[in-house]
Each structure stands twice: as C-alpha cells, then as structure tokens.
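# the sequence isn't on hand, but the structure is:
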DNA sequence: CAGTGGTCTAGACCACGCT
DNA sequence: GCGTGGTCTAGACCACTGT
C-alpha cells in the first residue's frame, strides 16, 4: 500500500493519504482516524512507521490523539474576534463619553461580564532592556509588572505581561491587583490618574508556545500562539503603558484591525 | 541520568534539560546540540528516546536538524516589519498626493525595488461562498483570482490570494498579470480604474502551514504562518478587493498597527 | 477484558557532510 | 572513512477507555 519506489518515506506517504482524506472532507472534523493497528495492516508497515504518520499530522495541527480512544480530526474551535476598536471604546469610556466600557480585554463587557475571571500577580521590578526600549526610558528604571491571566468560562484565553511606570502608579489604586480587571483596561486605569492615552501601537507575531504556555492555555500540539506587543501612547507619543507580550491561543482567536485611508 | 522515578517519560526529561540549556543561554542560537550518540551515552537511553527528545524541540521551533551535521539552536531570523501604514501611503500615492509609493506589498519600495520579484498567476473563476461573503455579493459571481508569490532576494516572503470583481476589471490593465507588481498595490490598481479605497480591514490569525506552504515559504519545522484576510473598502464600506489569505512566515515577519484614539 | 495509544529497547541499513 | 542524522523492523510492557 505504500510505494517503495517513491523517494518519500513510508510514514510520509501514509500521512499524505490521511491528509488528503481530511482535506477532501472524507474525514470531517471530529471523525476518527484508523487506529494504529489498522494502519499497520492496511499499509503493511511497522508500528513506528504508522506512528510517524500520526505524529506528522499532529504537528501540523490537523488531528488530536487521545490515549485509549484514538486519533481524531481536530474540531475547528469557534474563534473569538479581538477587535482593535476596543481601544477607541476604552478611550471613549475613559473620557466619559460613554457610560460603560464596551469590552474588557477584548471581551464583550456587557454580555460576558459574569463569565470571565482574571488572575493577577503584580510585582515591582526594574525595566529589562526590552521593556526600557519599548518605553523609551533608561534600563533598570522602576516599573510595575502586571501579569494577568484572563479566563472566560474558566478557560484561559490570554496571558498578559504589562508594565506601568512605577513613578506614575506607586501608591495609587492602579497599583492594587484587587482592582483588576479595570473597566476600560489599561486606558481606563491610566485615565483614573489623569493620563489620557491618544494612540495604541500593536505588533503582532506568532510562534509555537513554550511548554508552560501550552499548559496554561491548554493548547493541543500543533497549535501556535499569537503574540501581541502593545504600546499605549499619551501626548507627544510618549509610552505610558507597555504590554510586552499578550499571548493568545491561535486556534481560538482572530484579531481585527481597520485602517481609514482618508487623510 | 534520567530519573526513572519521575512520572515524565525519559525523552521528555532529556528534552527538558536541553530546553533549559537553550533558554538559559548556555546553548546560544546557532550552537550545536549534543549528537544523538552523545545523548545516548550521556543519558543512557536508546536511540529512539534520544530522537524523541530532539523531535520535541523541533516541533517547538527551538532547533533545526540537518542530516550529516547535527541539531542546532535555531537562529532568530531578522524579522521584517509589515506596517499597516503602508495602506495610507498607497492611498496617498493613488490620490497623487505623493510622487512614489513608499512600499510595495509592505516592502520598502524605493530601497528594495531591485531586490524583489513577484510570481503571478491569474484566473477567472466564480466566487466561493467565503469570498462571496467577504465581498458581500452572491456566491458564484464572476471574480478574478490573483495568486501572487512575493520574493525578496529570491526568498519567498508572502503568498497572496486576492480577488477582484470581474465586472470591474475585465479587459483593463489591472487584469493583466504582467502589470504586477502594481505601484501602490491593490489600492493603486483600483485607483487606476477610478475606484478610490477609503478603508482597509484586516483579520489576523495563525496556524501551522500546510506542507505546500512550508515548502514554498521554506519554513523550518515548528514555524507557524501568519494569515491575514484583508478587505479593501470603497465608499459606503463596499468591498472592492478581498485578499482571502495573505500567508506570511511567522519567523520572519512582524505586523505593525497603530490606532489613534482621538475622536 | 479487548482495543486503543504511550514508552522503550536493540539492531539494521541508508544518506549526507566533511576531511 | 567516519560521524552525523533518516528510516524501518520486531517485539515488549504499560496506561487509559469502554464494554
């Protein structure tokens, strides 16, 4: 059943045939793949070879495998949309132009308020070279590091590591972890101190998660993370908050932006 | 050297120790990991177990392995920044407010013009349900599918699948693949037909590449792709171009956005 | 209990990179 | 030629899932 004349290894040929059956829809999301024993018989290969094919599809994020049950075509998770317009909404709330923030950490604030939870861990530290560069300040300046893990329906949805200048927030309610989640997010928190954000810059990249990230975000193998680095700017484009890493599960999140071209 | 009392498998323990040596900087980018034979001796494990540890680090994107040479800590590629402001620049060029487009497909147009190349393949087809939804038109309407592979220094940097309404571009220079890359991108091409874009929407997500994508983008294992879906909007927020998948190598690209909060 | 995947072993042969 | 990784085999024992 595998072609020994092919220049491609047997495990790759098996994987390719399964992949085609998945892409074609013959094996829809949730459906069960042949068992290892089945593949061994069907393709007349050893167990290691059959497992190699399975492994290949796992690392591509096509299937998930459960011990004692089998391998299954991965279900497509409903993706939550993270709208960049939430920042405009946060700013409008901070400026008291609207009564309630529309979102919190990108979630629908009014509809989902009861469903979410945030774990906070604050500490005073000194700016790393990277954080200092993002702020535009000398390294080792005192900063407040806020580590937030955001859950919805008890499922972790984002890991935020955010920094505020210690000189600005020391002794204020903003430095108190019990006040998280702050209505209007970082923009709302800064506004409570009289600091009005005028712009937000985001840089988006992606990579495979560290084992710790895969664990806390409960990621299947073959699922990358989206990583946003955010700078919240006040007048003169001076950075007043820096989120050096917002880590999101890539199988559950889409990030939306809109750029107006009118001058 | 591995702890048989641990509940974690041997290959995982070996991987964890190597991972720590990489994260700690003891094994910096580019440096060589112990050979399989070395791991077998050092940890007193079988070859399969040693290879399992290597495989784990590969799928995390931490190392690359070359036959006959060994495994090496992955070099961090210099990431190219894809600025969303390029759309404003394209629009300014299209409106003849500036003499030259600043970028082309996100690359610096003036500095890099000689270094890039684009492979094009156009075809007339009917809108898939997804493309139709992005356009806001009935499915099966005639569209021009433009498939562009963009290279810089002969290295593929993005795969674009973009759609234009056939009714709009039929018989025009825009429908001629030889005119790619169009100065000012899709916005410039539309402007030549008198259609002025007023906004661009982008949705960003991430996943592992298909084998074909990994091949054309020359991606190492453990490197995801960033996928952008773009809608170019004219007045009344009517979509005039749809890029249903801009696929970018996540180890070489960062996407930058800026949101102004002033009302 | 049977069926499933998870881990591990010892051993073989092949292909690539370099000296 | 030697050291490196790539593929493959046969076989063993363990752990989880469900009847």
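Ah, there it is. The structure displayed is predicted, hence computed values, not measured ones.

# you'd agree residue A:39 is in a helix?
Yes: assessed by DSSP: H, G, I helix; E, B strand; the rest coil, residue A:39 belongs to a helix.

# for the closest residue to it other than its chain neighbours, the count of nearby residues, please.
Nearest non-adjacent residue to residue A:39, counting by Cβ to Cβ, 6 or more residues apart in numbering or on different chains: residue A:50, 4.0 Å away. In short, each C-beta sits where N, CA and C put it, glycine included. Around residue A:50 there are 24 other residues, counting by other Cβ atoms under 10 Å in any protein chain shown.

# next secondary structure after the helix or strand harbouring residue A:50?
Remark: residue A:50 resides in helix A:47-59, with elements defined by DSSP states H and E. As assigned by DSSP H and E, the chain's next helix or strand after helix A:47-59 is strand A:63-66.

# the helix or strand following that next one packs against which elements?
Counting by DSSP H and E, the next helix or strand C-terminal to strand A:63-66 is strand A:70-73. Under the contact criterion of 3 or more Cβ pairs under 8 Å, 6 or more residues apart in numbering or on different chains; DSSP states H and E, strand A:70-73 touches helix A:47-59, strand A:63-66.

# let's see it at 10 Å
Counting contacts by 3 or more Cβ pairs under 10 Å, 6 or more residues apart in numbering or on different chains; DSSP states H and E, strand A:70-73 is packed against helix A:10-23, helix A:36-43, helix A:47-59, strand A:63-66.

# ok so, going back, residues in contact with the residue nearest to residue A:39?
Contacts for residue A:50 (Cβ atoms under 10 Å, 6 or more residues apart in numbering or on different chains) come out as A:10-11, A:14-15, A:34-43.

# related to what we said a few turns ago, buried stuff in the helix holding residue A:50?
Using 16 or more other Cβ atoms under 10 Å in any protein chain shown as the test for burial, helix A:47-59 gives A:49-59.

# before we move on, what about stretch A:228-246?
A:228-233, A:239-246.

# excluding chain neighbours, give the residue nearest to the residue in the stretch 51-200 of chain A that chain B sits nearest to in space.
For the stretch 51-200 of chain A, the residue closest to chain B is residue A:91, as judged by Cβ to the nearest Cβ, at 3.9 Å. The spatial neighbour of residue A:91 that comes closest, neighbours along the chain excluded (Cβ to Cβ, 6+ apart), is residue B:261 at 3.9 Å.

# what's the neighbour count on the one you found?
20.

# which ones are touching it?
Counting by Cβ under 10 Å, 6+ apart, residue B:261 has contacts A:87-92, A:94-95, A:187, A:196-200, A:232-233.

# make it 7 Å
A:87-88, A:91, A:197-200 (Cβ atoms under 7 Å, 6 or more residues apart in numbering or on different chains).

# swap in residue A:136?
residue A:239.

# picking that back up, now, the buried residues of stretch A:228-246 that are in strands?
Among the buried residues of stretch A:228-246, DSSP state E puts A:228-233, A:239-246 in strands.

# can I get those in TSV with pLDDT and distance to residue B:105?
Below are these laid out as TSV (pLDDT from 0 to 100; distance: Cβ to Cβ, whole Å):
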residue	pLDDT	distance to residue B:105
A:228	97	23
A:229	97	23
A:230	96	25
A:231	97	25
A:232	96	29
A:233	96	27
A:239	95	29
A:240	95	34
A:241	96	32
A:242	96	30
A:243	94	28
A:244	91	29
A:245	94	28
A:246	96	27
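
# and these as TSV, adding distance to residue A:81?
As requested, those are exported to TSV (distance: Cβ to Cβ, whole Å):
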residue	distance to residue A:81
A:228	14
A:229	20
A:230	17
A:231	22
A:232	21
A:233	24
A:239	26
A:240	27
A:241	23
A:242	24
A:243	19
A:244	23
A:245	20
A:246	15
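
# got the residues of chain A near chain B?
By Cβ under 7 Å from any Cβ of the partner chain, the residues of chain A that approach chain B are A:59-61, A:84, A:87-88, A:91-92, A:197-208, A:221-222, A:224, A:226, A:250, A:254-263.

# are any of these buried, and which?
Burial by neighbour count, judged by 16+ other Cβ under 10 Å, picks out A:59-61, A:84, A:87-88, A:91-92, A:197-208, A:221-222, A:224, A:226, A:250, A:254-259, A:261 from the residues of chain A next to chain B.

# mind listing which of those are in strands?
When DSSP E is applied, those are split such that A:199-207, A:226, A:254-259 fall in strands.

# and of these, the nearest to DNA strand D?
Of all those, the one with the least separation from DNA strand D (Cβ to the nearest atom of the strand) is residue A:207, at 21.3 Å.

# contact partners for that closest one?
Residue A:207 is in contact with A:224-225, A:227, B:61, B:224, B:250, counting by Cβ under 7 Å, 6+ apart.

# how about residue A:58?
Listed by Cβ under 7 Å, 6+ apart, the contact set of residue A:58 reads A:65, A:221-222.

# distance check, the closest residue to DNA strand C within the stretch 151-263 of chain A against DNA strand D.
For the stretch 151-263 of chain A, the residue closest to DNA strand C is residue A:221, as judged by Cβ to the nearest atom of the strand, at 9.5 Å. Distance of residue A:221 to DNA strand D, given as Cβ to the nearest atom of the strand, to the nearest Å: 17 Å.

# tell me the contacts of that residue?
Each residue near residue A:221 by Cβ under 7 Å, 6+ apart is listed here: A:58-59, B:59.

# check residue A:151 too.
Taking Cβ under 7 Å, 6+ apart, we find residue A:151 in contact with A:116-117, A:157.

# and it, that's in a strand?
Yes: the assignment for residue A:151 is a strand, going by three-state DSSP.

# for it, which residues make a bridge with it?
Counting by DSSP bridges, residue A:151 forms beta bridges with residue A:117, residue A:156.

# state the pLDDT value of the nearest residue to residue A:169 once chain neighbours are set aside.
Of all residues not flanking residue A:169 in the chain, residue A:175 sits nearest, at 4.7 Å (Cβ to Cβ, 6+ apart). Looking at residue A:175, its pLDDT is 93.

# give the burial count for residue A:175, as a bare number.
Counted with other Cβ under 10 Å, residues neighbouring residue A:175 total 17.

# my guess is it contacts residue A:144, does it?
Yes: using Cβ atoms under 7 Å, residue A:175 makes contact with residue A:144 at a distance of 5.8 Å.

# which neighbours do these two share?
With Cβ under 7 Å, 6+ apart, residue A:175 and residue A:144 have common neighbours A:122, A:169.

# residue in the stretch 1-150 of chain A nearest to DNA strand D?
Closest to DNA strand D within the stretch 1-150 of chain A is residue A:68: 2.5 Å, counting by Cβ to the nearest atom of the strand.
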